[in-house]
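1. next come a sequence and a model predicted from it.
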Amino acid sequence: MPELPEVDIIRQGLAPFVVGARIERVILNRPDLRNVFPPSFATRLEGAEVINISRRAKYLLFTLSNNETLLSHLGMSGNFRFGRPDRQTINIKHGFEKHDHVILELSGTHSPTPFLIYSDPRRFGFMDLSTDPQNCKYLKKLGPEPFGNEFNAVALAKNLAGRRGAIKAALLDQGVVAGLGNIYVCEALYRAGIDPRVRAMDLVTGSRERILQLEALVGHIKDVLGEAIASGGSTLKDYKKVDGSTGYFQHGFKVYGREGETCLAKGCSGTIKRISQSARSSFYCPVCQS
DNA sequence: ACTTTGACCTGTGCGC
DNA sequence: TGCGCACAGGTCAAAG
């Protein structure tokens, strides 16, 4: 489900309710998501206060008062919401749904209910704890944040140099730039006029035109992500904000999901194509993108 | 070292 | 109505 904009909207939605709150109790309705929960997962959370919530790439980081950080990745279908159980007994028969796997019972919060529920039908998401999150195995290998100063044409060129694979696949690699997923890669490449099949290294050592495309791409990545955040993210299927409302950037897609439709660029009568790359769909305009 | 493929899961929508 | 198949916002291990 969520790429950088969606994860950030969820962070924004959670922050007012979880920062300053205490985790009283943790309920796990199963022993694992994508990974088995770490040893003593619930115990290490219980009693801790949430000091801050931040985002790195597509990870949410809950900084806790006990020197632990809770890392949460939403995979394809993960989501947080505040639930409304009407019984003291906590189990999925009372107020929870089939895929509510983790429940954090909070105190000291103005949230709609004390129960912060993590739901994830496909279970591609995961949670883990770390006392040194910046150096943990998940975050250590990530590339620059798109909105950080470290993300610029020089840095992107360095990360693309020598890569013979398609630019589409390279941008999905979280070590090249952090936080992009299938939707926003398609949209950024469209805006930059780059065919998704172009070899990544050609944008570094290719023609003058290619190098200009690389420089433009940096700006378009920032722009499309920024616009998506301003629109509350993109809701295709099950992505919802913490308050249950949907994003609306999906109405701003120029190519994603528009196979067979006419290109929206002024004066262009091209037809949006869909191809498969790295087992993912790529959408592009064969006229605008070369 | 790099690149591609398959696996991990469930749900939904489509054609027959 | 049911069945089989393709496909879906991500990541990782394994194979090439």
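-> Yes, it's here.

2. so which bits of the stretch 1-150 of chain A are right by DNA strand B?
-> For the stretch 1-150 of chain A, the residues in contact with DNA strand B (CB under 7 Å from any atom of the strand) are A:Arg34, A:Lys98, A:His99, A:Pro121, A:Arg122, A:Arg123, A:Phe124. Backbone N, C-alpha and C define where each C-beta goes, glycine included.

3. grab the nearest non-local neighbour of the third one.
-> Read it as A:His99. Using CB to CB, 6 or more residues apart in numbering and skipping the chain neighbours, the partner closest in space to A:His99 is A:Pro121 (4.5 Å).

4. can you classify the one you found as helix, strand or coil?
-> Secondary structure, DSSP: H, G, I helix; E, B strand; the rest coil: A:Pro121 is coil.

5. before we move on, what about the one 3 residues further on?
-> A:Phe124 falls in the coil class when you classify it by three-state DSSP.

6. that one: how many residues sit nearby?
-> 15 (other CB atoms under 10 Å).

7. show me the contacts for the residue lying closest to it once chain neighbours are set aside.
-> Among residues not flanking A:Phe124 along the chain, A:Gly75 sits closest, at 2.9 Å (CB to CB, 6+ apart). Residues near A:Gly75 by CB atoms under 8 Å, 6 or more residues apart in numbering: A:Met1, A:Leu33, A:Arg34, A:Asp120, A:Arg122, A:Arg123, A:Phe124, A:Gly125, A:Phe126.

8. now those as TSV including pLDDT and distance to A:Ile9?
-> Putting the contacts of A:Gly75 into TSV (pLDDT from 0 to 100; distance: CB to CB, whole Å) gives the following:
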residue	pLDDT	distance to A:Ile9
A:Met1	67	12
A:Leu33	96	21
A:Arg34	95	22
A:Asp120	95	17
A:Arg122	96	20
A:Arg123	96	22
A:Phe124	97	19
A:Gly125	97	16
A:Phe126	96	20
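
9. could you pull out the strands for chain A?
-> Assigned by DSSP state E, the strands in chain A fall at A:22-28, A:50-56, A:59-64, A:69-73, A:79-82, A:100-107, A:115-119, A:126-130, A:273-277, A:280-284.

10. quick one: closest of the ones you listed to A:Tyr248.
-> Of all the strands of chain A, the one in closest proximity to A:Tyr248, counting by CB to CB, is strand A:79-82 (17.0 Å).

11. quick one: strands adjacent to that closest one?
-> Its sheet considered, strand A:79-82 pairs with strand A:115-119 (antiparallel) by DSSP bridges.

12. just the helices in the stretch 151-290 of chain A please.
-> Counting by DSSP state H, counting those that start in this stretch, the stretch 151-290 of chain A has these helices, from start to end: A:153-160, A:167-172, A:182-192, A:202-205, A:208-230.
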